[in-house]
Structures are given as C-alpha cells and as structure tokens.
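1. Sequence and predicted structure below; questions after.
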Amino acid sequence: MPKVWTNVALSTSEAEWLKAKIHPYELVQDLSAVNNLTEGKGDPAAQEADILFGQPAVLDILQSSNLKWVHLTSAGYTRYDRTDVFSFFEKHSVTFTNSSSVYDVPCAEHVLSMMLAYNRKIVDSERADQWTYTQQRPIMRVLRGQNLLILGFGAIGTKLTELLQPFGMEIRGLKRKVTGKENAPCFSIDSRIEHLGWADHVVNILPLSDSTQSLFGKNEFSVMNPSAVFYNIGRGDTVDQPALIEVLKSKSIAAAFLDVTSPEPLPQDHPLWQLDNCLITPHVAGGLQDENQVLLNHFVTNFERFIKNQPLLDRR
C-alpha cells in the first residue's frame, strides 16, 4: 500500500480526517510533531514513504527509496534549497511543493498592518502616557502617494500589491527572475541600489540562500531615505543586523518593523529590543485562524491533483 508520511502535529480528529481524504494511501505519522520552522529529526519510516508532508529531514529525502512528492507546510524552504536535494528530485522525478498560497494573505496583511501602524502613529500613541493631540496630529500620514519597494517579489509581494491597490501607492518589486507577468513593475534584485532611494517603505521578503545571506547591509541602508521605513518578514539572516542597528541608532532611517531576526528567538538583552524606532513581532506574520486545517486543505487539494496527474499548486 502506498504511504503518506507526515510530522505535522495533528489532533485525533485531524488525523482521521486526513486518513479518509488520502485513502487508499496509508497515513504514517511521526509524532515528534515539529513546527514550520523546525526540521524533522529523521524517521526511517519517511525513507519508505511515497509522499512526505510536513518538514522532513533532508537526510530522509536523500535516502528515500519510493519518494514521488515532497510537500512542505511552510512557504520557506531554505534547508532544502541545496544542490544535492534538487539533483535528487531531478534524478528521481520527485515533485517538490510548498505552502506559499496558504501564507500569502496573512503575511501581506501583516505588512499592511505595520505600514498603517507607522503612518497613523499607532505605536507612538500606545506608548504615550498623556494626551498628545498637538504633537501627533501634524505628523499623521496616509499611504496615498507614497512609494513601496518590495524585495523578493513572489506570492506575498503579489498579494500585498493587490491589497494596496485602493491606497494609491506607487509600487516596485525586485526579484531574481523577472517574468513580465507580475502585477507591479519589477526589476532585477541586482539593481536594488538604484531603487532604494526612491522608496518610502522597503519590504524585505527575501528567502535565505547563499546568494541572499546578509544581502541587505550597509550599502543598501546608506542609500535609503532618512524618512524611509524598513520591514522584514523574509528571513533574519538576509539582513546585516549590526548594520541595521547602527542606522536605527543614528536615525539614518526612520524605523524598522521586524517579524524575523537573527537569532530566533531574539535574546531579551538584544539591542534591537532597546530601540524606540524598532518594533518586533515574533515570527508570526504567517499566522492565521485554523492554520492547521488550512494547511491540510491545501495538501489534500494537491493530493487530489497528484492522484489525477494534474499540475500541483505551489510547485518549486
């Protein structure tokens, strides 16, 4: 009997629901139950499965004997973005998908909430211990007419652009490969220095890889406008964090909103916590109600396509 292996933390009812949806495939559960940010510890049963669903160990993928499809419960796939893994996929005709379309809406809404919170001075108001009408009224801003630059223009950038359409912003995207089908003007990531000075808001959604490690650093921050705001919901290690701390301390940029940092969790004594122009959320941008069920629905939709030999969603 073909097998679907998973290390997703499932309730009894969720497991029974999934078993019914994948019949006649057998469901094999690794009860270590990792989260989306954690790689599985390894499970010999995974090496015998036809489908891996969750966050499998890389070694289990490379030692698989029957593998046909790997489906991740995350949008990011840094630990799998390796030459040996993709060579294995190509050699053995293994399909690789992730859950980008699960997380594009919550991540885009998270960025939008950060942008609005900054423009409308929500954080300043919350921190104030007195009525600050006279001080705050003149510095309120609207998004209309402001410029947004998105680094790593993929599913989240596409959704953010859709959400911002009624706000009257100018939007540009930077990405590795421009197709011309994007819903905003896009340019090569290598041209970032040319565009950063144009932006009032710079949103980093870059995935982590050898080419993006500390990609956003001193040179990038030095050409940003002093009034610009930096947002990071990609990966903490794509930013030179000491450089970010320096520009925030010197007020060379106005503020930073971070959902990802390096390391994670961020130690309580880390200097980023001490900066009044830096607001941090604990890697929760992708969070949404009924997240597990939405992930399961996404997998089952792809499973039905897989059985029918149809193109899968979120294929990498």
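-> Good, I have the coordinates. Residues are numbered from 1 along each chain as shown.

2. Can you give me the buried ones in stretch 242-254?
-> Across stretch 242-254, burial judged by 16 or more other Cβ atoms under 10 Å covers Ala243, Leu244, Ile245, Val247, Leu248, Ile253, Ala254. Every residue, glycine included, has its C-beta placed from N, CA and C.

3. right, and out of those, which lies closest to Lys21?
-> Distance to Lys21 across these (Cβ to Cβ) is lowest for Leu244, with 44.2 Å.

4. is it true that that closest one touches Ala256?
-> Yes - the pair Leu244 / Ala256 is scored as a contact, 6.3 Å apart, by Cβ atoms under 8 Å.

5. between those two, what contacts are shared?
-> Common contacts of Leu244 and Ala256 (Cβ atoms under 8 Å, 6 or more residues apart in numbering): Phe230.

6. most distant residue from the middle of the protein?
-> Thr134 (38.5 Å; Cα atoms, centre = their mean).

7. ok, and that residue, which helix or strand is that part of?
-> Assigned by DSSP states H and E, Thr134 belongs to helix 133-136.

8. so what's the backbone phi/psi at Ile171?
-> phi -130, psi 130 (degrees, to the nearest 10).

9. do the same with Gln213
-> Backbone torsions of Gln213, given as degrees, to the nearest 10, read phi -60, psi 120.

10. For it, grab the count of nearby residues.
-> Counted by other Cβ atoms under 10 Å, the residues lying close to Gln213 total 13.

11. In terms of pLDDT, where does Ala33 sit?
-> Among the per-residue scores, Ala33 shows a pLDDT of 68.

12. Going along the chain, name the strands of the stretch 151-300 of the chain.
-> Using DSSP state E, counting those that start in this stretch, the strands of the stretch 151-300 of the chain run over residues 170-175, 186-188, 201-204, 229-232, 255-258, 278-280.

13. okay, now Gln146: neighbour count?
-> For Gln146, the neighbour count with other Cβ under 10 Å is 21.

14. Let me see the confidence value for it.
-> 98.

15. In contact with the nearest residue to it once chain neighbours are set aside, which residues?
-> Of all residues not flanking Gln146 in the chain, Asp200 sits nearest, at 4.2 Å (Cβ to Cβ, 6 or more residues apart in numbering). By Cβ under 8 Å, 6+ apart, the contact list for Asp200 reads Gln146, Asn147, Leu148, Asn225, Ser227, Ala228, Val229.

16. by contact count, what packs against the strand of greatest length in the chain?
-> The longest strand of the chain (DSSP state E) is strand 26-34. Helices and strands touching strand 26-34, by 3 or more Cβ pairs under 8 Å, 6 or more residues apart in numbering; DSSP states H and E, are strand 3-8, helix 12-22.

17. hmm, 10 Å instead?
-> strand 3-8, helix 12-22, strand 51-54 (3 or more Cβ pairs under 10 Å, 6 or more residues apart in numbering; DSSP states H and E).

18. Deepest-packed of those, please.
-> Compared across the helices and strands packed on strand 26-34, strand 51-54 shows the largest average neighbour count, a mean of 27 (mean count of other Cβ atoms under 10 Å).

19. most neighbours, which of the contacts of Asp200?
-> Leu148 (26 neighbours).

20. Report all helices and strands that the helix or strand where it lies contacts.
-> Take DSSP H and E as the rule and Leu148 turns out to sit in strand 147-151. With contacts defined as 3+ Cβ pairs under 10 Å, 6+ apart, the packing partners of strand 147-151 are helix 100-119, helix 155-164, strand 170-175, helix 192-196, strand 201-204, strand 229-232.

21. beta partners for the residue lying closest to Arg192 once chain neighbours are set aside?
-> Nearest residue to Arg192, sequence neighbours excluded (Cβ to Cβ, 6+ apart): Leu174, at 5.5 Å. When bridges are called by DSSP bridges, Leu174 pairs up with Leu151, Phe187.

22. I'd like to know how far Leu174 sits from Thr158.
-> Here the distance between Leu174 and Thr158 works out to 13 Å (Cβ to Cβ, to the nearest Å).

23. Also Thr95?
-> Taking Cβ to Cβ, one finds Thr95 at 22 Å from Thr158.

24. Next up, the contacts around the spatially most central residue of the chain.
-> Residue closest to the mean C-alpha point of the chain, counted by Cα atoms, centre = their mean, is Gly234 at 4.8 Å. Listed by Cβ atoms under 10 Å, 6 or more residues apart in numbering, the contact partners of Gly234 are 75-76, 107, 151-152, 156, 203-208, 212, 215-216, 259-260, 285.

25. Just the buried ones among those residues, please.
-> Buried among those by 16+ other Cβ under 10 Å: 75-76, 107, 151-152, 156, 203-208, 212, 215-216, 259-260, 285.

26. Quickly list the domain ranges of the protein.
-> Domain ranges of the chain: 3-98+289-307, 104-280, per automatic domain parsing.
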